[in-house]
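**Student:** return a 3D structure for these sequence lines:
(2 chains)
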Amino acid sequence: MQLSNRSNRLLRPPKPWFVYLSLFIGLVLSYVPFGHRPGIPDWAALVLVFWCIREPQYIGMGIGFFLGILVDIGHGTPMGQHALAYVVLAFIANGLARRIMWFPSLLQALHVLPMLLVAQALMAGVRVFVGEEFPEWNYFLSSIVGAALWLPLTYLLLLPQFQPVDRDENRPI
Amino acid sequence: MPVSNFQTHPVFRRGVSPKVRLLIYITVCVVMLVADLRFRYMEPLRGYLFTAASPVSTVASESAKLVSNATEHFSSLTDLQDENVKLRQYRLEGAERLLRFDELEQENVKLRELLGMRKKTPVKSIAAEVLYNVPDSSSRKVILDRGKKAGITHGLAVVDADGLLGQVTRVYPTQSEVTLVTDRNQAVPVQVMRNGLRGVMFGTGQGLRTLGDVSKRWQQAVQSDIGPGSLELRFVLANADIKPDDVLVTSGLDGIFLPGFPVAKVESVDREAGDFAHIACRPLGGVEKSLRVLVLGRSELPPSPPRPETGEPPLPVLPKAQQPGGRD
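**Tutor:** Numbering: from 1, shown residues only, chains lettered A, B, ... in the order given. The predicted model follows:
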């Protein structure tokens, strides 16, 4: 499994439709009303940061911007709140992509955690700008849960790339 | 001057540097935020995009509903029969009151004519269904399945069988957004039914403070039950005549809400907090529970308050976007 650059295994290149489909699924998940439970990860941001680290040449600030606008529409938040956070998130993730890929998965998750925290802090900042109170600490729980999901997410989203070039009927993955 | 004769490979053509692009995007975002929050320029665009994205959000919310209602789908026959019996009984009781209501209303009209009083403003009501909660965790809003086409306008009150739920804050062509009374930014002018004492009711957004609360909050969210203290009656003096179990109804003083709708019940009164009493309340309506609601409003605006005579400072005028009713 090539979860970092230290691995010997070569992965197939990702299919663009799969990348966009996974971003779309992240968006749909972020539209799901989970009630007001603390610690629900920001799915869209999580998928975005994954592809920003894996494919920094293709997925970046532009995609983050549009994704953020769509999340803003669904959440009824001020236009630009999520967009701003996702643009900054994509910038940091793109910039650190080459470095992060040399670490094992656990340390990758530790890199992702502060990125998600920065994005959440930006959104909280926008809310304070609007005139709401700064959210309580458990608001940031969702970033921690998101970072904890890094390893399962990596396996899930890299699944199509694990396919061998010569397709084996008995072992599809 | 080029050092070598090699053509630069496209791989090295980077375009605008990431930092510059970041700056551009941040500027665009900030401009959009200001345009949306300060000037409300973004509402039409938001309306279009919301309508375009509504299939996605419907799919998302329906799937969530499916999971949460799974237990309900498999509820036993006896439960349903029990509920049926209860509903029939409720209907019977209601019918009796309704019959008297017609008579009383006619009597009221006649008495008002006799007294030469202004007629009560007619009421329009639109039945609607709650599609889903807005997923944003900091606000308490729901989306209804009726919008501008059904005649819903900005500022109408939303009620269920037991009391006030909230107010329409955004209108899309086929859907509308309702801010619930428990939202931090929602205020309702109310009065105590017992003695007519007036106050303003605010939502608290219901925060939680400690780690121990997290599991409690999970349970609460699962039951989607509103605990005590989700509403707060502010600006009532510490020595005012108010006590637990008082029922608060809308006073209608704002000219938006119709008077007399039950809103909340007083849970606790703390008179030691300062000049104003700290009064925690619990909503009477099924806030965040009811799925079928009624959107109510005056079909015409009430007369505007009289202009003050010269010599007195003029009353503060609300900016246009916040003016009650906000019909355009």
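**Student:** hmm, the longest helix along chain A touching chain B?
**Tutor:** Criterion DSSP state H: the longest helix present in chain A is helix A:105-130. Yes. Judged by Cβ under 8 Å from any Cβ of the partner chain, helix A:105-130 and chain B are in contact via A:126-127, A:129-130. Every residue, glycine included, has its C-beta placed from N, CA and C.
**Student:** buried ones in the host helix or strand of residue B:199?
**Tutor:** Residue B:199 belongs to strand B:198-203 when assigned by DSSP states H and E. By neighbour count on 16 or more other Cβ atoms under 10 Å in any protein chain shown, the buried set for strand B:198-203 is B:199-203.
**Student:** excluding covalently adjacent residues, which one is nearest to residue A:146?
**Tutor:** Once flanking residues are discounted, residue A:146 sits nearest to residue A:41: 3.7 Å by Cβ to Cβ, 6 or more residues apart in numbering or on different chains.
**Student:** I'd say the one you found and residue A:153 touch.
**Tutor:** No. With contact defined as Cβ atoms under 8 Å, residue A:41 does not reach residue A:153; the gap is 9.5 Å.
**Student:** helices of chain A, start to end?
**Tutor:** Counting by DSSP H, the helices of chain A are A:16-31, A:43-54, A:61-75, A:81-100, A:105-130, A:141-148, A:150-158.
**Student:** just name the most buried of those.
**Tutor:** The highest mean neighbour count among the helices of chain A, using mean count of other Cβ atoms under 10 Å in any protein chain shown, belongs to helix A:43-54: a mean of 25.
**Student:** after the lengthiest helix in chain B comes which helix or strand?
**Tutor:** Using DSSP H to define each element, chain B has its longest helix at helix B:77-115. Using DSSP H and E, the next helix or strand after helix B:77-115 towards the C-terminus is strand B:123-133.
**Student:** just the buried positions in that next one, please.
**Tutor:** B:126, B:128, B:130-133.
**Student:** so what pLDDT did the residue nearest the centre of chain A get?
**Tutor:** With distances taken as Cα atoms, centre = their mean, residue A:46 lies nearest the centre of chain A, 2.2 Å away. Looking at residue A:46, its pLDDT is 95.
**Student:** distance of it from chain B?
**Tutor:** Distance, residue A:46 to chain B, by Cβ to the nearest Cβ, to the nearest Å: 15 Å.
**Student:** circling back: can you tell me the average pLDDT over the strand holding residue B:199?
**Tutor:** 88.
**Student:** outside of that strand, which residues touch it?
**Tutor:** B:140, B:180-192, B:230-236, B:248, B:251, B:253, B:263-264, B:279, B:281 (Cβ atoms under 8 Å, 6 or more residues apart in numbering or on different chains).
**Student:** what lines up beside it in the sheet?
**Tutor:** strand B:187-192 (antiparallel), strand B:231-234 (antiparallel) (DSSP bridges).
**Student:** the shortest one: how far from the chain's middle?
**Tutor:** Per Cα atoms, centre = their mean, to the nearest Å, the displacement of strand B:231-234 from the mean C-alpha position of its chain is 15 Å.
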